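Asks: What follows is a predicted structure for the sequence shown.
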Amino acid sequence: MIAGNSVVGQASHLNEFDYIIVGAGSAGCVIANRLSANGKHSVLIVEAGGSDNRFFVQMPIGYGKTYYDNNVNWKYTTEPVPGLANQPSYWPRGRVLGGSSSINAMVYVRGHPLDYDDWAQQAPGWSWENIAPLFSRMEDWSGVDNKYRGHGGPLSVYNTIDEVHPLCAQYLQATSELQIPFNPDYNAASMDGAALYQITTRDGLRASASRCYLKPALARSNLQLITHAHVMKIDFDGSRACGITYRHNNKDSTARAFKEVIVCGGAINSPQLLQLSGIGPQGLLKSHAIPVRHDSPQVGENLQDHLGADMVCRSRLPTLNQQLRPWLGRLKVGLQFLLKRKGPLSLSLNQGGGFVRLNEDSDRPDTQLYFSPLSYTRAPVGTRPLIKPDPFPGFLLGYNPCKPTSKGTLKIRSSDPFEAPVMQPNYLSTDYDRDLMLKGMRLMRDIAATPTMSDLIAEEIYPGTDVQSDDELQEFIAHKAWTVFHQCGTCRMGQTPQSAVVDPALRVYGVNGLRVADASIFPTIPTGNTNAPSIMVGEKASDLILADA
C-alpha cells in the first residue's frame, strides 16, 4: 500500500529517498507530515502494521476490542516480574498506522513543566520554555480559550465536560470532600486537582497521529508510505546510516536514505532495531553473533513505565455497565454513535481523574487518579472486555505513581528480527515505589469513605474489606497491579554516550545519519500519560531535522 507517485530532492529511483522514517506511530506520523510539507524533501515512512481504517480503531471506546487484536497490536508480554508476585505483564502496543495512538485510551496530558526542566538538565533545549510552544502548536483545543492552550493545530483535543457519565459529578464531589479541588484544565496554569480527562477525538472519532498528521500529508507526491513492512535492520555505509532492509509481502527489500534514517518504533521496537543493527551493549550483541557497529551500553536500559492499581466497587446507582452490557443498551448507544457520533462509544472509559501530591516533599503531583464509571471484575484470565462489563452496576477508582523510580531493561532475545525482545520492567523494585503505591491505595479508601462516595458504594469488591493491613494491601497490589501502558526511556537522550543513546538533537551516538524520535528518548517518565509528549517529540524532532537540512 503506497501513497504518492513520485519523489523529489536528491532521490532518483523508487527506492531512494532523502529521509526514511521507521514506524508510523505517534512521533513518526508527525515527522512524515512536517518533513514533506515544503515539497523539497522526499520521504518514505515504513510501518509494520496495516491500515487504521477499522471500525474498532476509529470508534473511541473500541480500544476495548483492539486491546487483544493481533491485527493492530504487538501484544507483548514481559518476563515474570518479582515485584508482581512473579507474574508477567501484558503490554499492548500499536502495530497499525498511528501506532499506540490508534489503540490507546486517548487521554491527553502534556506533563508537568518541571518534567521538561528535568529533561533539560540532561539535554539542553528541552526545557518547558522550549517545549511549551510545541504543545500549543500541535493542539486544536475545544475548551475555554486561554494563553496556555493551542487552537488550530493538527491534533484535536476534546473537552469532555458536558458528556461524561453522571457519576463523574459524584466522584468530583467526593474528592472535594477530601479537599482536592476541581481543576477545569490540568494542561493550563496548574496540574493539581481532580479533573475530567481531555481526550484526542474529533467529531466523535479517534484523533490519532495517523488521522491528524499522516493522512492529510499522503496526497503529497514527495511522501510515500509502505504498510505491512517489517524493518529488519538499518543499513550502513561505513559509519553512516544509508537505508533499511525490510520484509514486505514475504520478500526482503531495501530502501536508501540520502540524508537520514529516523527510527520511530517506540520504547520497545526502537532499541530492538538498534541492537539488531549492531548498536547496543557489545556483550549482548556478541552473544547473538551480531557485528558490533557501536558499543552503546545504554540501548535498552532505563526502561520506565507507570504502574497502577484499582479499587472496584458495586454501585447503588446505574453505571455504564447497564448501557454496555445488555443487548438493548448496546443497541441504543450504538445507534447514538452511528447517527450522532455521541454517547459512551465516542468517549474514553477513563472519564474522571486528576493529579495529587501524597508525599509532603513532592514538588509536583506524584500520583495520578482515575475514575471509570464501569467495572469488569468477572473477566476471564487473559482478557479485558471493556465493552462487555459486569452484569451489575460497578465502577473503578484507580491511581498510579507519576514518577516511579524502578527501572527495567530490554534486550533482544536472538538475532531474529521477528522475535520479541526480553522485557523486564522491574516494577516495585524500590522502597519509594512500594510506599507510594500503598499510599495511593489508602487514598482510594479515603475517597470511598467520603459521605458522597459511601452513599454510592454498595460493596467494595476489590481489594475487599477483609484486606486492611499494610502487608495485606501490598500483597493485593503485587497480584493486581497493572501497567498504564506508558513504556519509555530505552534510548534516552543526554550529553554523553556513556549515559545516553542519543544526543539532545536525537542523533544516535557513534554513527552518522541516524536519529531516534519517540517515547524511547525520554530521559525520565513524564507526569501523566505519554502520548501527548510522544507527539511533541515528533514536532521537536522535525524542527531539529529541518534545521540541519
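Replies: Structure's in. What do you need?

Asks: Going by C-alpha atoms from here, please, whenever you check contacts or count neighbours.
Replies: Noted.

Asks: give the contact list for the nearest residue to residue 90 once chain neighbours are set aside.
Replies: In space, and not counting its chain neighbours, residue 90 is closest to residue 77: 4.6 Å by CA to CA, 6 or more residues apart in numbering. Residue 77 makes contact with 88-91, 423, according to CA atoms under 8 Å, 6 or more residues apart in numbering.

Asks: same thing with residue 154?
Replies: Residues counted as contacts of residue 154 (CA under 8 Å, 6+ apart) are 138-140, 212-213.

Asks: out of the residues you listed, which are inside strands?
Replies: 139-140 (DSSP state E).

Asks: Any chance of a markdown table for the contacts of residue 154, columns distance to residue 483, pLDDT and neighbour count?
Replies: Below are the contacts of residue 154 laid out as a markdown table (distance: CA to CA, whole Å; pLDDT from 0 to 100; neighbours: other CA atoms under 10 Å):
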| residue | distance to residue 483 | pLDDT | neighbour count |
| --- | --- | --- | --- |
| 138 | 27 | 98 | 24 |
| 139 | 27 | 98 | 21 |
| 140 | 29 | 98 | 20 |
| 212 | 27 | 98 | 23 |
| 213 | 28 | 98 | 26 |
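
Asks: can you list the contacts of residue 154 in TSV and add distance to residue 69?
Replies: Below are the contacts of residue 154 laid out as TSV (distance: CA to CA, whole Å):
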residue	distance to residue 69
138	29
139	29
140	30
212	23
213	24
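
Asks: ok so, going back, now intersect the contacts of residue 77 with the strands, please.
Replies: 90-91, 423.

Asks: Can you convert those residues into TSV and add a column each for pLDDT and neighbour count?
Replies: TSV is the format used below for the ones in strands among the contacts of residue 77 (pLDDT from 0 to 100; neighbours: other CA atoms under 10 Å):
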residue	pLDDT	neighbour count
90	95	16
91	96	21
423	98	24
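
Asks: Dump the residues you listed to a markdown table, plus distance to residue 377.
Replies: Formatted as a markdown table, the ones in strands among the contacts of residue 77 follow (distance: CA to CA, whole Å):
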| residue | distance to residue 377 |
| --- | --- |
| 90 | 17 |
| 91 | 20 |
| 423 | 27 |
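
Asks: Now flag whichever of those residues is closest to residue 35.
Replies: Nearest to residue 35, judged by CA to CA, of these is residue 91 at 30.8 Å.

Asks: Next, find the distance separating the closest one from residue 389.
Replies: The spacing between residue 91 and residue 389, counted by CA to CA, to the nearest Å, is 21 Å.

Asks: Dump stretch 346-363 to PDB, keeping only the CA atoms.
Replies: The C-alpha coordinates for stretch 346-363 follow below in PDB (Å, rounded to 0.1, in the frame of the first residue of the first chain):
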ATOM      1  CA  SER A 346     -17.500   8.400  21.500                       C
ATOM      2  CA  LEU A 347     -15.600   8.800  24.800                       C
ATOM      3  CA  SER A 348     -12.800   7.100  26.800                       C
ATOM      4  CA  LEU A 349     -13.600   4.900  29.800                       C
ATOM      5  CA  ASN A 350     -11.100   6.900  31.800                       C
ATOM      6  CA  GLN A 351     -13.500   9.800  32.300                       C
ATOM      7  CA  GLY A 352     -12.500  11.300  35.700                       C
ATOM      8  CA  GLY A 353      -9.200  11.500  37.500                       C
ATOM      9  CA  GLY A 354      -6.700  14.200  38.400                       C
ATOM     10  CA  PHE A 355      -3.300  14.700  40.000                       C
ATOM     11  CA  VAL A 356      -2.400  14.900  43.700                       C
ATOM     12  CA  ARG A 357       0.600  15.000  46.000                       C
ATOM     13  CA  LEU A 358       0.700  12.300  48.600                       C
ATOM     14  CA  ASN A 359       4.300  13.000  49.800                       C
ATOM     15  CA  GLU A 360       4.700  16.200  51.600                       C
ATOM     16  CA  ASP A 361       8.000  17.000  49.900                       C
ATOM     17  CA  SER A 362       6.800  16.500  46.300                       C
ATOM     18  CA  ASP A 363       7.500  19.400  44.000                       C
END
